[in-house]
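S.K.: after the sequence you'll find the predicted model.
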Amino acid sequence: MNGMPPTTADTFPRLLAHHVLVRAERPAIREKDLGIWQTWNWRQVAGEVRALACGLATQGLKRGDHVAIIGANRPWVTWATAAAQSLGAIPVGLYQDATAPELVYVFQNAEIRHAIVEDQEQVDKVLEIKEQAGQIAHIFYDDPRGLRHYTQPELMALTRLKELGRDFDAANAGFIDAEVAKGKPGDAAAMFYTSGTTGNPKGVVHTYAALIDRARAGCELERLTDAEEVLAYLPPAWIGQNIFSYAQALVAGFCVNCPEAAGTVTVDMREIGPTYYFAPPRVYENLLTSVTIRMEDAGQVKRGMFKYFMGVAGRVGGRLLDGAPVSLTDRVLYALGDLCTYGPLRNALGMSRVRVAYTAGEAIGPDLFRFYRSLGINLKQLYGSTETAVFVCVQPDGQVSADTVGPPLVGVELKIAENGELMIKSPGLLKEYYKNPGATAEVLTNDGWYHSGDAGFLDAQGHLRIIDRAKDVGQLANGAMFAPKYIENKLKFFPFIKEAVALGDRRDMVCAIINIEMEAVGNWAEKRGMSYSGYVDLASQSAVYDLIRESVEKVNADLAQEERLADSQIRRFLILHKELDADDGELTRTSKVKRGFIGEKFAVLVDALYGGRAEQYVETQVKFEDGRSGMVSATLKIMDAETFPAVKKAA
Amino acid sequence: MRARQIGDVILDVKNISLSFGGVKALQGISFDVREHEVRAIIGPNGAGKSSMLNCINGVYHPQEGEISFRGEVRRDMDTHHAAEGGIGRTFQNLALFKGMSVLDNIMTGRNLKMKTGILAQALHFGPARAEELRERAFVERVIDFLEIQAFRKTPVGRLPYGLQKRVDLGRALASEPQVLLLDEPMAGMNMEEKQDMCRFVLDINDEFGTTIVLIEHDMGVVMDISDRVVVLDYGKKIADGTPQEMRNDPDVIKAYLGVSH
């Protein structure tokens, strides 16, 4: 930090101008190209943006127009976004893998006349939909490869556009500055299309005020400065990427690094060493898996050292991060572990310099979460969505746990509706769904509350817990809340449990159907010298039932901690004789359990669970991978699990 | 539609015959290749396609006939001269150093352009160092072009086959050939890899104006990307023309479908 007061600039182009004044020579963006990191400082970035903006002006882009931007994380994407905003136009980021029909809808909906795209593939796609989408007049491209012989009049290279822009700028001094000056904080700054599981995507309109306010709130909480480094590796069309690598970079003035190619992200991350990092839980999980596999291949000494020091880290690391008291011996041991294990491991993960790491999007397993924190990586959870400009809740340093998403961030008000749905009031809420007042009215109340669609509650510390999508939350017969996915997730975090289905909507108790993780349980059985002939046999062994019961009871003890969920403790469970499979219609193609279908298909089992029977014979049709089908039959045991009295909150 | 118009004959093969002992691999083959075109050689197994390429870049020396390259007539040529003269080549069974990285493999293709001596290169001093940096920059462009940045430092032997094929192509491209001979660039690939490779071949032709002679079995590929096709069968040329003409040629259909005489 160079001691300058934080800027009050209220649009992105004006923030850019501010950085040129106060830190012109500091790096603003880097890209690895031809194996070497190329750097642009703020002055150079402003020059590129200015040339592009003037170029776009010569091509008829007007205030209020929408511009499609389709590309990977490359510097030009940032520049094009800022250039469009300089003219008061609204950039619309689109996913590179969007299909032609998806593009048609967006181009028509937003009346897009100008598109800025990466390469031949995207040019072809836009040209393909030109007839249907009607009004496309200009397509600008970054990479000329393969486009040499295209003669369509709409096409122009970005290099040419910049030339035109520089000429225009020279001839019309002051034009672009005047345009930037016209921008108002309440103007639409960007539009993000949300996929939506049903129907057409909806264009979420955000104002400068909303995006900048949330970006600033995040920066202030984490004390982000212009010394941060981020790696831009998630799709630029996603609002998170826009917030972390565009809005916050412009607010705090830090440097954004663009990887060389999609496949080089891990290597590039190691080279850059970002200080501020976001990844969905899946990415953290994959990283951990690769570490585990490499450790299994390592020599005896290294493996022993890893095991020992990870034990120390598990005990001490999280407490050190939280600033909790730790004994001197443990501190010394941890320092030694840092030297031998954690430091090199953080380096291999590219996280040596990470000061703040976020995860969001889905529930993260407590073990996974603890692993990173014990290494000294400050991994935290946040909550938000496209409609809220990301930042709603963030876990502050020292108040981190795997099952909350933290207290509301400054400026945010939360309340829980009658049906358990989380309602949000925040300066970062969407302005509207574009040209869709019906949908807007559905999610935004007149007095400014946003229906998040998520069910959650605030715990005793005032931290938000998200339990499920509101529409999936049911009720037990006694009226208590029943959140199946929350229970299933808790079960699935145990390594021995692969899938789980929680039943209980409009019933008097919760029961669970469980799938064991063949590999983990198989290893466990082998270590004990248990013999088994296959999946069906293993799943039915009483030792395995006891093993799973332990996990179920741990979940119950956990649920008992929360008054509202205490009634959701699992009374009875069974281990299914077959793996739930998308081919048999039990899972979706994205591996989510289809609760309703399973309930019908295994109706005899459900009846047995609720009928109090101790075992049940079942026959199921299965499809083999070669397309044939056959029957699997088994007599399944049903086991009771211990439940715990609800822990009453201190009054 | 293409960026560079097909030009004059750059490579002219006249009456080439090649035999190994009593086996006549090639018998009186003549055809030409024009500048900037994509020329395919097709034929059943054992038709003499690879032998033909081997004659062009000097691996084999035909007993009869002559080959003129850019107007220069020659009978015998060794592979080194062919490469220096601007003929690059990939191989059916790959010719890569499995233990070396992708980068180093492609650098070997660039060695042709390096002028400093082997000692200077080994010691990595003075002009040799500057030269290596310069040539490395070119190799990086090849890596970027073929989209293999993620594997720059990976030993070639650890890459899947489709990527090894791409590295082989990169090694050939590094010498900036005027004519690129591709021996079954798509063999053993799945549909997606084939599409990628087709795109690379067309892009090379388009971006650098490289003339391409390729051997290929996949008729769909041949029909899609080549300008003209030569068909060989049992060492003889049985047809020559555009893909469309080949599709309707009775001799070609016979050779491929094995109709009895």
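M.R.: Structure's in. What do you need?
S.K.: from chain A, which residue is nearest to chain B?
M.R.: Chain B sits closest to residue A:263 of chain A, with a gap of 3.0 Å, by Cβ to the nearest Cβ. Quick note: C-beta positions are derived from backbone N, CA and C, even for glycine.
S.K.: just say helix, strand or coil for that residue.
M.R.: For residue A:263, the assignment made with DSSP: H, G, I helix; E, B strand; the rest coil gives helix.
S.K.: might you report the residue contacts of it?
M.R.: Shown in contact with residue A:263 (Cβ atoms under 8 Å, 6 or more residues apart in numbering or on different chains): B:149, B:150, B:151.
S.K.: buried ones among these?
M.R.: Neighbour counting by 16 or more other Cβ atoms under 10 Å in any protein chain shown classes B:149, B:150, B:151 among the contacts of residue A:263 as buried.
S.K.: gap between the residue nearest to the second one when sequence neighbours are not counted and residue A:284?
M.R.: Read it as residue B:150. Once flanking residues are discounted, residue B:150 sits nearest to residue A:263: 3.0 Å by Cβ to Cβ, 6 or more residues apart in numbering or on different chains. Computed as Cβ to Cβ, to the nearest Å, the residue A:263 to residue A:284 distance reads 19 Å.
S.K.: kindly report the same for residue A:348.
M.R.: 14 Å.
S.K.: between these two, tell me which one has more neighbours.
M.R.: More neighbours surround residue A:284 than the other of residue A:348 and residue A:284, with 21 against 15 (other Cβ atoms under 10 Å in any protein chain shown).
S.K.: wait, that one touches residue A:372, no?
M.R.: Yes: between residue A:284 and residue A:372 there is a contact under Cβ atoms under 8 Å: 6.4 Å.
S.K.: mind listing the shared neighbours of those two?
M.R.: Common neighbours of residue A:284 and residue A:372, using Cβ under 8 Å, 6+ apart, are residue A:379.
S.K.: before we move on, back to that, please report how far the residue nearest to residue B:150 lies from residue B:103.
M.R.: In terms of Cβ to Cβ, residue A:263 sits 15 Å off from residue B:103.
S.K.: report the helix or strand with the lowest average pLDDT across chain B.
M.R.: Of all the helices and strands that make up chain B, helix B:118-123 has the lowest average by mean pLDDT, DSSP states H and E, namely a mean of 75.
S.K.: so what does the helix ranked longest in chain A touch, helix or strand wise?
M.R.: Using DSSP state H, we find that the single longest helix of chain A is helix A:300-322. Where contact means 3 or more Cβ pairs under 8 Å, 6 or more residues apart in numbering or on different chains; DSSP states H and E, helix A:300-322 is packed against helix A:281-297, helix A:328-337, helix A:366-374.
S.K.: need the contact partners of it.
M.R.: For helix A:300-322, contacts defined as Cβ under 8 Å, 6+ apart pick out A:295-296, A:298, A:325-326, A:330-331, A:333-334, A:336-337, A:340-342, A:370, A:373-376, A:378, A:397-400.
S.K.: what sits against residue 77?
M.R.: Here I'm looking at chain A. Applying Cβ under 8 Å, 6+ apart to residue A:77 gives the contacts A:69, A:71, A:93, A:236.
S.K.: you answered for a different chain; I wanted chain B.
M.R.: Residue B:77 makes contacts with B:57, B:58, B:67, B:85, as judged by Cβ under 8 Å, 6+ apart.
S.K.: if we go to 7 Å?
M.R.: residue B:58 (Cβ atoms under 7 Å, 6 or more residues apart in numbering or on different chains).
S.K.: now do residue A:222
M.R.: By Cβ under 7 Å, 6+ apart, the neighbours of residue A:222 are residue A:356.
S.K.: and residue B:67, what element?
M.R.: Assessed by DSSP states H and E, residue B:67 sits inside strand B:64-69.
S.K.: now swap in residue A:419 and tell me
M.R.: With DSSP H and E as the test, residue A:419 turns up in no helix or strand.
S.K.: for it, give me phi and psi.
M.R.: With angles defined as degrees, to the nearest 10, residue A:419 sits at phi -80, psi 10.
S.K.: how deep is it tucked in, by neighbour count?
M.R.: So residue A:419, with other Cβ under 10 Å, has 11 neighbours.
S.K.: spatially nearest residue to it, not counting backbone neighbours?
M.R.: In space, and not counting its chain neighbours, residue A:419 is closest to residue A:470: 6.4 Å by Cβ to Cβ, 6+ apart.
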